[in-house]
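Engineer: heads up, no residue letters with this:
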């Protein structure tokens, strides 16, 4: 079955950058749309980025648009989330997810990693 392993989280000052990675295994990576979600304590999970299986289409909510960039490397079965100009409100556990459905539909994501913590200090 699909296994997803995130890495790259950590503590960063506001205005800084981090790059998260997610390694995919168990199925054909290029058949899956990939997404990143985050969850802060006491808050609902938020869909923060997605990329289609082809890599040609991406999605970002307004809260991260212009600061976050999702990309995929099909040769290495990896999806990345480049996060710039980080804000304290970006703090949370970031989860990688995979979908055989629409890349832009959060409800289609049914394979999940274990999450990686991102903390942005003010």
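Structural biologist: Cool, got the structure. All values reported here derive from a predicted model rather than from experimental measurement.
Engineer: Tell me how many other residues crowd the nearest residue to residue 46 once chain neighbours are set aside.
Structural biologist: Closest residue to residue 46 apart from its sequence neighbours, by C-beta to C-beta, 6 or more residues apart in numbering: residue 38 at 5.4 Å. Where C-beta positions appear, they are placed from N, C-alpha and C, glycine not excepted. Using other C-beta atoms under 10 Å, residue 38 has 24 other residues around it.
Engineer: Show me what residue 38 bridges to in the sheet.
Structural biologist: Beta bridges link residue 38 to residue 46, residue 94, judged by DSSP bridges.
Engineer: surely it meets residue 119?
Structural biologist: No - checked against C-beta atoms under 8 Å, the pair residue 38 and residue 119 is beyond contact range at 11.7 Å.
Engineer: Provide a complete list of residue ranges assigned to strands in this structure.
Structural biologist: For the chain, applying DSSP state E gives strands covering 3-7, 10-13, 18-25, 33-39, 46-51, 58-59, 68-73, 78-83, 92-99, 111-112, 116-121.
Engineer: show me the residues around the residue nearest to the spatial centre of the chain that make contact.
Structural biologist: By C-alpha atoms, centre = their mean, the chain has its centre lying nearest to residue 36, at 2.3 Å. By C-beta atoms under 8 Å, 6 or more residues apart in numbering, the contact list for residue 36 reads 20, 22, 48-50, 68, 70, 79, 81, 94-97.
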